[in-house]
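In: Build me a model from this:
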Amino acid sequence: MLVAITLIPTLSSRLNFGDSRGSSGGADAGHSPGEAAASPGWVRRIMKLVAWLIATPVRRWVTIITTAVASTLIIIVLTPPAEYLPEGEEAKTFARMNAPPGYNLDEMAAIAEQVEAHFLPHVEADPDGFEAGETRVPPLAYLNLQVSTSGMRIISETLNPNHIERLMDEITRVYEQYPGMRAFASKGSIISSNDAGTRSIDVDLSGAELPTVYQAAEAVYRKAGEIFDDPRIQTQPSTLTLAQPLIQVRPDWTRAAELGLDTDALGFTVSAMTEGAYVGDFFQGDDKIDIYVYGSSGGEPELHEVPELLIRTPTGATLPLSSLAEIEETVDTSTVRRVNGQRTVTLNIVPPPDVPLEAGVERVRTELIDSLRDSGQLPSSVSVAISGASDQLNATREALTGNFMISLVIVYLVLVAIFAHWGYPLLIMTAIPLGIAGGIVGLAMMNLVGSLLPLIGLRPLSQPFDMISMLGFLILLGTVVNNPILVVDQARQNLREKGVDLVEAVTRAVATRLRPIAMTTLTTLCGLSPLVFIPGEGTELYRGVGAIVLFGLVGAATVTLTFLPVLTVVALGWSGERHRQ
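Out: Coordinates of the predicted model:
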């Protein structure tokens, strides 16, 4: 703006633009017969349409009602369910196998060798075999495999980014062929964690009794697989069965007291003789090292050896643990997870890509939770809360809505200050909902065309209606009013001339401002087009906001040349009639 009011006028005064028409092309442009005949064809056609729309009261009201109804229907019908944030996905997968209780490290290592043998030959492999259907595994850039007693994790990337979904499906298939194993595979993300965090619906099940909570979690797990087509589900803790072999040591406190052993001493001794007792930290530069004390046997004895662990007492006696405590073998969970002090199991449900987050949350709420409540599989003693990305979606949307309303008030007050009038800004701001409708239509058209791209051999394109895309509405708020300002201000100036009626004043205003409107709209569209139409890595981050702004401006320019002149004639006609009365 600073350049427009300083540098541009200075340069214009030094340049000869060759305007042979003299000064007659000002406010009367597009009005005199000579100039009308000399105007380009597109200008004459637009002006004929404007003149036809505002010629009679019936046409004016039909235009106003049709535009208002169409815009309302577009906003209600075509507004898609919302997502939280774009995934920012990479052609990389993080796939975890969750083992049921009873597996040890040796067994998991043996399974890992089989999984590695299945996938490792395909690292840097020739893609011809995969393309011909000879193998299910696409060529891999690398394979990283980690093993623990509770499961296994693969981090891998495909040479062709288009094959990452096929790799995830194959890893899931291989994982689930082992008895009791559960698989959870997700793409890497440059925005969220690598567990589909921006699309995860977290269902928290809390209760006092762990068996009841685990049974309810199993029911939710099965039901989620039914209502969604191939969802990705992860549980915390990783297993939903109370079948982890455990050793419970129940001290004989009377006997321990006779030998001079208190609670801390006995517990510390048992920990040191089994899995190690934590005693403190050691700092070496910036590194923190945990210090543990172990028994002479080296820790982690076999289960049958636990009763025979030797305990040294303060009195000097050395006794087996079985003489000081009751050793009970049982099964339970190895992990107790608490949220707000309650025992809780959390299921991270990631809907399929074709199910938006908002729609997925609604289906979880109605088809899953309400259905299980009605059938009795989700007892009243188990409380259910939906959190994760769905909570963040609602909070962000509320913040955006509040910011939009504040911006709306600010824009209105600024226009009131400029026009020194309370009514003219309302005329101008009617372009805002119409621009929003244009942005929604553009997003729907982009997804429709994107879904047809596979017919010509291209990858499908789908742009979610996420929070970053919704920022486009805030941008539209300050841009769609620019062209209506030109038309309304010029109409006011024309009305000050003697002998100019209302219809003529509005017609001349549109004719005068038509070229500036066309030039500013086209240059803005050309600047936004690469943002929207040129594909590439990471374009999903900003394509949505670009599409809403681009198509919103197209819609706003259209209504500025059709709906706004009609509304201006009607509104100023009412105002003039009241003044005459």
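
In: Just list the residues touching the residue lying closest to residue 209 once chain neighbours are set aside, thanks.
Out: Spatial nearest neighbour of residue 209, chain neighbours left out: residue 381 (7.1 Å); criterion: C-beta to C-beta, 6 or more residues apart in numbering. Just so you know, the C-beta spots here come from the backbone N, C-alpha and C atoms, and that holds for glycine as well. Residue 381 makes contacts with 207, 208, 209, 212, as judged by C-beta atoms under 8 Å, 6 or more residues apart in numbering.

In: Let's test this: mean pLDDT of the helix or strand containing residue 73, rounded?
Out: Using DSSP states H and E, residue 73 falls within helix 57-78. Confidence for helix 57-78, expressed as mean pLDDT, is 95.

In: Of all the residues in it, which ones are buried?
Out: 60, 63, 64, 67, 71, 74, 75 (16 or more other C-beta atoms under 10 Å).

In: List of residues touching the next helix or strand after it?
Out: Using DSSP H and E, the helix or strand that follows helix 57-78 in sequence is strand 89-98. Strand 89-98 is contacted from outside by 111, 150-158, 160-161, 163-164, 167-168, 171-172, 175, 178, 181-190, 194-195, 234-235, 238-239, 540, using C-beta under 8 Å, 6+ apart.

In: Can you dump the C-alpha atoms of strand 89-98 in CSV for me?
Out: Below are the C-alpha coordinates for strand 89-98, written out as CSV (Å, rounded to 0.1, in the frame of the first residue of the first chain):
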residue,chain,number,x,y,z
GLU,A,89,2.9,-37.7,5.4
GLU,A,90,6.1,-39.2,4.2
ALA,A,91,6.6,-42.4,2.2
LYS,A,92,7.7,-44.1,5.4
THR,A,93,6.0,-46.5,7.8
PHE,A,94,6.2,-47.1,11.5
ALA,A,95,4.7,-50.6,12.0
ARG,A,96,4.5,-52.2,15.5
MET,A,97,3.6,-55.7,16.4
ASN,A,98,2.1,-56.1,19.9
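
In: pLDDT (mean, whole number) over it?
Out: Averaging pLDDT along strand 89-98 gives 85.

In: Now do the very next helix or strand once past that strand: which elements does it pack against?
Out: Counting by DSSP H and E, the next helix or strand C-terminal to strand 89-98 is helix 105-119. Secondary-structure packing of helix 105-119 (3 or more C-beta pairs under 8 Å, 6 or more residues apart in numbering; DSSP states H and E): strand 140-148, strand 151-158, helix 164-176.

In: try 10 Å this time
Out: Other helices and strands packing on helix 105-119, by 3 or more C-beta pairs under 10 Å, 6 or more residues apart in numbering; DSSP states H and E, are strand 89-98, strand 140-148, strand 151-158, helix 164-176.

In: Show me the one of these that comes nearest residue 483.
Out: Among the helices and strands packed on helix 105-119, strand 89-98 comes nearest to residue 483, with 37.7 Å by C-beta to C-beta.

In: partners of that closest one, with directions?
Out: Here strand 89-98 is paired, per DSSP bridges, with strand 151-158 (antiparallel), strand 182-189 (antiparallel).

In: Phi and psi next, for residue 133.
Out: phi 80, psi 20 (degrees, to the nearest 10).

In: Chain neighbours aside, what residue packs nearest to residue 104?
Out: Using C-beta to C-beta, 6+ apart, the closest residue to residue 104 is residue 149 (6.0 Å).

In: scratch that, residue 123
Out: Leaving aside its chain neighbours, residue 123 sits nearest to residue 140 (4.7 Å; criterion: C-beta to C-beta, 6+ apart).

In: cool, and residue 390?
Out: Residue nearest to residue 390 in three dimensions, not counting chain neighbours: residue 361, with 4.4 Å by C-beta to C-beta, 6+ apart.

In: Double-check that neighbour against residue 367; I have them as touching.
Out: No: Residue 361 lies out of contact with residue 367 (C-beta atoms under 10 Å); the separation is 11.1 Å.

In: The two - which one has more neighbours?
Out: residue 361 (23 against 15; other C-beta atoms under 10 Å).

In: need the contact list for that one.
Out: 81-82, 201, 349, 351, 355, 386, 388-391, 393-394 (C-beta atoms under 10 Å, 6 or more residues apart in numbering).

In: Count the residues that sit near residue 441.
Out: Neighbour tally, residue 441, other C-beta under 10 Å: 19.

In: again, but for the one 10 residues further on
Out: Other residues near residue 451 come to 12 when the count uses other C-beta under 10 Å.

In: Between all of the contacts of residue 381, which two are at the greatest distance?
Out: Spatial extent of the contacts of residue 381 (C-beta to C-beta) is set by the pair 208 and 212 at 8.0 Å.

In: quick one: common contacting residues for those two?
Out: Both residue 208 and residue 212 are in contact with 343, 381, 382, where contact means C-beta under 10 Å, 6+ apart.

In: what's the closest of those to residue 437?
Out: If you rank the shared contacts of residue 208 and residue 212 by distance to residue 437 using C-beta to C-beta, residue 382 comes first, at 44.1 Å.

In: wait, doesn't that closest one sit right on residue 218?
Out: No: contact criterion C-beta under 10 Å: residue 382 and residue 218 do not qualify, at 11.8 Å.

In: higher neighbour count, those two?
Out: Taking neighbours as other C-beta under 10 Å, residue 382 and residue 218 compare with residue 382 leading, 22 against 16.

In: quick revisit: give me the phi and psi angles of the residue nearest to residue 390.
Out: Backbone torsions of residue 361, given as degrees, to the nearest 10, read phi -60, psi -40.

In: Return the set of buried residues in stretch 170-189.
Out: Neighbour counts using 16+ other C-beta under 10 Å place 170-172, 174-175, 178, 181-189 of stretch 170-189 among the buried residues.

In: Flag the shaky bits of this structure, pLDDT-wise.
Out: 16-38, 88-89, 191-197, 244, 297-300, 334, 498, 537, 575-581 (pLDDT under 70).

In: mind listing the helices for the stretch 401-550 of the chain?
Out: 424-429, 431-452, 467-479, 482-495, 502-533, 543-561 (DSSP state H, counting those that start in this stretch).

In: for the ones you listed, which one sits closest to residue 135?
Out: Of all the helices of the stretch 401-550 of the chain, it is helix 431-452 that lies closest to residue 135, at 29.3 Å by C-beta to C-beta.

In: how much does that closest one deviate in direction from helix 502-533?
Out: Orientation check (axes from the mean of the first three to the mean of the last three C-alpha atoms, to 10 degrees): helix 431-452 against helix 502-533 gives 40 degrees.

In: Show me how the record splits this structure into domains.
Out: The record's domain parsing of the chain by automatic domain parsing lists 32-78+421-580, 89-189, 244-332.

In: So which of the ones you listed is nearest residue 230?
Out: For residue 230, the closest of the domains of the chain is domain 89-189, at 8.5 Å, according to C-beta to C-beta.

In: now that closest one: how far from the chain's centre is it?
Out: 26 Å (C-alpha atoms, centre = their mean, to the nearest Å).

In: now do stretch 228-236
Out: 17 Å.

In: Also stretch 501-509?
Out: Here stretch 501-509 is found 47 Å from its chain centre; the criterion is C-alpha atoms, centre = their mean.

In: Next: stretch 341-354.
Out: Mean-position distance between stretch 341-354 and its chain equals 16 Å (C-alpha atoms, centre = their mean).

In: Okay, buried residues for that stretch please.
Out: For stretch 341-354, burial by neighbour count (16+ other C-beta under 10 Å) applies to 343, 344, 345, 346, 347, 348, 349, 350, 351.

In: What about these, which are in helices?
Out: Secondary structure from DSSP state H places none of the buried residues of stretch 341-354 in helices.

In: Show me where the stretch 151-300 of the chain has its helices.
Out: Going by DSSP H, counting those that start in this stretch, the stretch 151-300 of the chain shows helices at 164-176, 210-227, 253-258, 263-273.

In: CSV for those helices, including distance to residue 49?
Out: Below are those laid out as CSV (distance: least, C-beta to C-beta, whole Å):
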stretch, distance to residue 49
helix 164-176, 48
helix 210-227, 50
helix 253-258, 95
helix 263-273, 85
